[in-house]
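S.K.: make a model of this:
(one chain, ligands or ions: 2)
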Amino acid sequence: MQGIWTTERIRAAEERLLAVTPDGALMHRAAFGVAVAAADLLAEHTGGVAGRRVVLLVGAGNNGGDALWAGAFLRRRGVGVAAVLLAPNRAHPAGLAAFRRAGGRVVDDGAEWISRADLVVDGIVGLSARGPLRPAAAELVGVVRSPVLAVDLPSGVDPDTGAVDGPAVTATRTVTFGARKPVHVLNPARCGDVVLVDIGLGPELGEPDLSTLDAADVAAVWPVPGVADDKYSQGVTGVAAGSAVYPGAAVLAAGSAVLATSGMVRYAGPAADVVRANWPEVVATGSVTDAGRVQAWVVGPGIGTGSEGRETLRHVLGSGLPVCADADAITLIASDPSVLDAREPGTPLVLTPHDGEFERLTGARPGADRVAAARAAARRFDAIVLLKGHNTVVAAPDGRTLVNVPRGSWLATAGSGDVLSGLIGALLASGLDPWLAAGAAAKVHGQAAYLAAAGAPVSASGILHAIPDALRALTPARRL
Ligand SMILES: NC(=O)C1=CN([C@@H]2O[C@H](COP(=O)(O)OP(=O)(O)OC[C@H]3O[C@@H](n4cnc5c(N)ncnc54)[C@H](O)[C@@H]3O)[C@@H](O)[C@H]2O)[C@H](O)CC1
Ligand SMILES: [K+]
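M.R.: Numbering: from 1, shown residues only. Ligands and ions are numbered 1, 2, ... in the order given. Model (predicted):
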């Protein structure tokens, strides 16, 4: 699991480290990391380093200081470096002096230099960023056509929420120091790929504010059958989805539960025939009241928001079993929260809203700070809240928060949520911690979409059938 810390926590850790580190040493470590990343980008995009042209955009603080020192290091590698000082009187003095000593040029006609640059380094603002780029910086960033290396984070993007509410940098790559910040996982489109430079901050950081799951984390928790297993031992998943009008949701949700683990799947609902036709291994019945024994339920996709759907939801919530409530189930809870009274307190519940469902559920859209929004809903409903979107936020009532950053936006297709709900249901049935179940399912879901798409738009059925490949890709070591 990778940790992510808010700017406030990083500042505090930085203060502690600065107190025991020679003056300027941290900036040197950071700036050297910037210079190395800049040279890599120059080599990747122009085939070389020496003789290339780099333009630094330098703001009023240490972010600009990092850029200036990096410029000095690049000068030593024969790179032509020009610096545009956005706040000439407040540019980092030691960095500026070092830059000049190394033969760097401070220039006024930034747009002209940027138009001929092989690389632009964004040292406008970092941890202290507030709001979008200011007009002068925005104008310069507007004429950039070369690759961009962001120092610590792309300027103009909120470091703690990833929100953008005005002009901001879009980076090809971001080099950050000490620890990842929320922006790196909440707005990957603006950051590009993120390079983390160790500056010795680790011991000062403490528990992370957010986390992301690695392949190894998924491999460690995803159930696969062992010698002692049979169709029951890995947990039987119940799927209450679909209706005569929307049978497809049932096929997708039941199908992903089938492909997720080797555990059995029981379907309950009006689409039994269609589910059987598509997934003969599913034991399908007409209603949740005669579904047979399961260890967890998925309820919601395509069940409708009428009395039949409400009764199905009430029955499932009253089962005392872990439940993943998705789609129409969330709308039903929003329109009549008393349906939750059927749930025994503390029974695991995973809610998987997209923004619209989140608004129905809580009365407000997630807004700029999606992490805070998901956490508040998790506490309010005493449930795991998986807030779907470009990046998926998985919050637990105790504040633990996972963020999943898929590669590409291939999940933005009808029915992909039904596939995710089946994955979560199967992991809940296997007895996995519901927070981890939601997080691991989101990661496999994203990976399946990425593999199925292979660069082209993909359907929910395509994502569904790529689940085995996604598991093979994420858990190679365990393949027996
Ligand atoms: N993390 C570490 O251990 C280290 C980080 N380093 C670098 O230092 C910056 C943080 O530097 P700081 O001096 O605190 O502020 P910034 O450079 O981020 O901001 C400077 C200045 O900019 C003004 N400002 C705020 N918002 C905007 C905006 N939208 N547009 C323009 N200007 C803005 C604000 O007044 C600030 O005072 C960190 O990111 C790292 O790059 C150290 O180098 C090494 C250790
Ligand atoms: K920056």
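
S.K.: run a quick neighbour tally on residue 196.
M.R.: Residues within reach of residue 196, counting by other CB atoms under 10 Å, total 15. Heads up, the C-betas are built off the backbone N, CA and C, glycines and all.

S.K.: now do the SS call for it.
M.R.: Recorded secondary structure, residue 196: strand (DSSP: H, G, I helix; E, B strand; the rest coil).

S.K.: OK, contacts around residue 352?
M.R.: Residues in contact with residue 352 (CB atoms under 8 Å, 6 or more residues apart in numbering) are 324-327, 330, 386, 388, 417, 420-421, 424, 438.

S.K.: swap in residue 151?
M.R.: 34, 63, 66-67, 70, 121-123, 126, 175.

S.K.: can we see that at 10 Å?
M.R.: By CB atoms under 10 Å, 6 or more residues apart in numbering, the contact set of residue 151 is 30-31, 33-34, 37-38, 56-59, 62-67, 70, 121-126, 171, 174-177.

S.K.: about what we covered before: give me the buried subset of the contacts of residue 352.
M.R.: By neighbour count, with 16 or more other CB atoms under 10 Å, those hold 324-327, 330, 386, 388, 417, 420-421, 424, 438 as buried.

S.K.: please identify which of those is nearest to ligand 1.
M.R.: residue 388 (29.4 Å; CB to the nearest ligand atom).

S.K.: hmm, the closest one is touching residue 424, no?
M.R.: No: the pair residue 388 / residue 424 is not scored as a contact, 11.7 Å apart, by CB atoms under 10 Å.

S.K.: common neighbours of the two, please.
M.R.: 326, 352, 442, 445.

S.K.: so which of the residues you listed is the closest to ligand 1?
M.R.: Distances from ligand 1 to those, taken by CB to the nearest ligand atom, are shortest for residue 442, at 28.8 Å.

S.K.: isn't that closest one up against residue 416?
M.R.: No: Residue 442 is beyond contact range of residue 416, at 11.2 Å (criterion: CB under 10 Å).

S.K.: between these two, which one's more packed in?
M.R.: Neighbours around residue 442 and residue 416, counted as other CB under 10 Å, are more numerous at residue 442. The numbers are 27 against 24.

S.K.: what's the distance between that one and residue 177?
M.R.: Between residue 442 and residue 177 the computed distance is 28 Å (CB to CB, to the nearest Å).

S.K.: can you list the buried ones among the contacts of residue 352 in a markdown table and add pLDDT, distance to residue 43 and secondary structure?
M.R.: Output for the buried ones among the contacts of residue 352, formatted as a markdown table (pLDDT from 0 to 100; distance: CB to CB, whole Å; DSSP: H, G, I helix; E, B strand; the rest coil):
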| residue | pLDDT | distance to residue 43 | secondary structure |
| --- | --- | --- | --- |
| 324 | 98 | 47 | strand |
| 325 | 98 | 50 | strand |
| 326 | 98 | 46 | coil |
| 327 | 97 | 48 | coil |
| 330 | 98 | 49 | helix |
| 386 | 98 | 40 | strand |
| 388 | 97 | 38 | coil |
| 417 | 98 | 42 | helix |
| 420 | 98 | 40 | helix |
| 421 | 98 | 45 | helix |
| 424 | 98 | 43 | helix |
| 438 | 98 | 41 | helix |
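
S.K.: go back to the residues you listed and keep what's next to ligand 1.
M.R.: Among these, not one lies near ligand 1 by CB under 6 Å from any ligand atom.

S.K.: adding distance to residue 218, write these out as JSON lines.
M.R.: As requested, the buried ones among the contacts of residue 352 are arranged in JSON lines below (distance: CB to CB, whole Å):
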{"residue": "324", "distance to residue 218": "18"}
{"residue": "325", "distance to residue 218": "23"}
{"residue": "326", "distance to residue 218": "21"}
{"residue": "327", "distance to residue 218": "24"}
{"residue": "330", "distance to residue 218": "25"}
{"residue": "386", "distance to residue 218": "15"}
{"residue": "388", "distance to residue 218": "19"}
{"residue": "417", "distance to residue 218": "20"}
{"residue": "420", "distance to residue 218": "14"}
{"residue": "421", "distance to residue 218": "18"}
{"residue": "424", "distance to residue 218": "13"}
{"residue": "438", "distance to residue 218": "12"}
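
S.K.: hang on, the earlier thing: any residues in contact with both of residue 442 and residue 416?
M.R.: Contacts common to residue 442 and residue 416, judged by CB under 10 Å, 6+ apart, are residue 388.

S.K.: closest residue of the stretch 351-480 of the chain to ligand 1?
M.R.: residue 368 (14.7 Å).

S.K.: for ligand 1, what is the nearest residue in this structure?
M.R.: Closest point on the chain to ligand 1, by CB to the nearest ligand atom, is residue 126, at 1.9 Å.

S.K.: setting aside sequence neighbours, what's the nearest residue to that residue?
M.R.: Using CB to CB, 6 or more residues apart in numbering and skipping residues adjacent in sequence, the residue nearest residue 126 is residue 63, 3.3 Å away.

S.K.: CA atoms only: put the helix or strand harbouring residue 273 into CSV for me.
M.R.: Under the criterion of DSSP states H and E, residue 273 resides in helix 272-278. C-alpha atoms of helix 272-278 as CSV (Å, rounded to 0.1, in the frame of the first residue of the first chain):
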residue,chain,number,x,y,z
ALA,A,272,-33.4,-15.5,-13.8
ASP,A,273,-33.8,-17.0,-17.2
VAL,A,274,-31.5,-14.5,-18.9
VAL,A,275,-28.9,-14.9,-16.2
ARG,A,276,-29.0,-18.7,-16.5
ALA,A,277,-28.7,-18.4,-20.3
ASN,A,278,-25.6,-16.3,-19.9
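
S.K.: surely residue 364 and residue 358 touch.
M.R.: Yes: at 8.2 Å, residue 364 counts as touching residue 358 under the criterion of CB under 10 Å.

S.K.: residues from the stretch 1-150 of the chain in reach of ligand 2?
M.R.: Within reach of ligand 2 by CB under 5 Å from the ion, the stretch 1-150 of the chain has these residues: 122, 126, 150.

S.K.: after the one helix or strand the first one maps to, which helix or strand is next?
M.R.: Spelled out, it's residue 122. For residue 122, the host element (DSSP H and E) is strand 119-123. Going down the chain from strand 119-123, the next helix or strand is helix 135-142, by DSSP H and E.
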